[in-house]
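Undergrad: My questions concern the predicted model and sequence given below.
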Amino acid sequence: MPLVGQGKNDVGVADGTSVITARSRGIPIKYVATLYARFPSVVFALASSGIAAPADLRGKRIGIPGRYGSSYIMLQALLKSASLTLDDVTLVDFPDYSQGDAVAQSRVDAATGFVNNEPVQLERRGLKLNVLRVDEITPLPGPGLIVSDETLATKTEAVRRFIAATLKAMDEIVTDPKVGLDAAVVRVPELGADQATKDAQLAILQATIDTWKSPYTLAHGLGAIDRAAWSASIAFMATLPDLVPNPITVDVVVNIELLPSS
């Protein structure tokens, strides 16, 4: 985000919650297209743990990569929906991102992760999971395309075409996921090392595709930005310490004018 804000990179991909914080701290970036219409960060637990709703997290050990970023914000939103806070759980840090294995081995009761990563891999190992999603509780904005204010003003048409090309590719992959997998294997050959690896990557891709679509994007098209959801997210994040140090509005953070639907 700083590199995009400084103009050193024209376009970036950033989590929407991080964009809110960055803009509040004066980094001149705007979110111009949604990639993940459903928030990909989730809490997952073995089905046998009995954790099926946010209220069930009380008193539990929760694995997390660190006390920052989208997973940390998402966890607080889930807890708040059940009138809980971080004081009601025990956080266990996994800076090496091994919290999925910790859940599988019952070293923690639950963990944060991405719906297209740890849950997919654990379920392919035959484990049954419960996954808690924040979408229906607080509509946090997921990762999307960002540009700086200056790039938006001086390279408007190039950004518009980049957005259109990205969304066209996403639409083609939704129609035929194999198109996306084959393209990925060309760039990263080890993803197609053998059939088992390709099958796993296809499952991950399908879970990713599922996050591109929400009721809002189904009505307004891939990439659409739900301004009402962003307003709700800004309001929620302003209640958390240090995340929104200076007041901002949705108009300062997002720009919908370059989307094909506009």
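TA: Everything's here; your move. Numbers count the residues shown, from 1 in each chain.

Undergrad: counting contacts, what elements does the helix or strand containing D199 pack onto?
TA: Using DSSP states H and E, D199 maps to helix 195-212. Helix 195-212 makes packing contacts with helix 118-124, helix 156-175, helix 177-187 when contacts are defined by 3 or more Cβ pairs under 8 Å, 6 or more residues apart in numbering; DSSP states H and E. Where you see a C-beta, it was placed from the backbone N, CA and C, and this is true even at glycine.

Undergrad: Out of those helices, which is the most enclosed?
TA: Relative to the other members of the helices and strands packed on helix 195-212, helix 118-124 carries the highest mean neighbour count by mean count of other Cβ atoms under 10 Å, namely a mean of 19.

Undergrad: what helices or strands is that one leaning on?
TA: strand 41-46, helix 99-104, strand 129-132, helix 195-212.

Undergrad: Include mean pLDDT when you put those into a markdown table, please.
TA: Below are the helices and strands packed on helix 118-124 laid out as a markdown table (pLDDT from 0 to 100):
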| stretch | mean pLDDT |
| --- | --- |
| strand 41-46 | 98 |
| helix 99-104 | 98 |
| strand 129-132 | 98 |
| helix 195-212 | 96 |
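
Undergrad: Please name whichever of those is nearest to D93.
TA: Evaluated over the helices and strands packed on helix 118-124, closeness to D93 peaks at helix 99-104, with 8.9 Å, by Cβ to Cβ.

Undergrad: Show me what secondary structure element comes after the closest one.
TA: Next along the chain after helix 99-104, taking DSSP H and E as the criterion, comes strand 110-114.

Undergrad: by contact count, what packs against that next one?
TA: Where contact means 3+ Cβ pairs under 8 Å, 6+ apart, strand 110-114 is packed against strand 41-46, strand 61-64, helix 69-81, helix 99-104.

Undergrad: angle of that strand against helix 69-81?
TA: Note on geometry: by axes from the mean of the first three to the mean of the last three Cα atoms, to 10 degrees, strand 110-114 and helix 69-81 are set 130 degrees apart in direction.

Undergrad: who touches strand 110-114?
TA: With contacts defined as Cβ atoms under 8 Å, 6 or more residues apart in numbering, strand 110-114 is touched by 40-45, 49, 51, 57, 60-65, 71-72, 74-75, 94, 99-100, 102-103, 118-119.

Undergrad: got it, and stretch 66-78?
TA: For stretch 66-78, contacts defined as Cβ under 8 Å, 6+ apart pick out 15, 17-18, 39, 41-43, 54, 57, 62, 64-65, 85-86, 91, 93, 95, 112-113, 132, 134, 137-138, 140, 236-237, 240, 243.

Undergrad: Same check on stretch 7-23?
TA: Identification of contacts with stretch 7-23 by Cβ under 8 Å, 6+ apart yields 1-5, 29-31, 35, 69-70, 73, 140-148, 150-151, 155, 158-159, 162, 230, 233-234, 237, 243-244, 248, 252-253.

Undergrad: Emit the PyMOL select command for whichever of those are buried.
TA: Selection of buried members from the contacts of stretch 7-23 for PyMOL, criterion 16 or more other Cβ atoms under 10 Å:
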select buried, resi 1+4+5+29+30+31+35+69+70+73+140+141+142+143+144+145+146+147+148+151+155+159+162+230+233+234+237+243+244+248+253
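
Undergrad: From the contacts of stretch 7-23, which land in strands?
TA: Among the contacts of stretch 7-23, the members falling in strands (DSSP state E) are I29, K30, Y31, G144, L145, I146, V147, S148.

Undergrad: Got the confidence number for the third one?
TA: If I follow you right, that is Y31. On the pLDDT scale, Y31 is placed at 98.

Undergrad: Wait, it touches P141, no?
TA: Yes. Proximity of Y31 to P141 meets the contact threshold set by Cβ atoms under 8 Å, at 7.1 Å.
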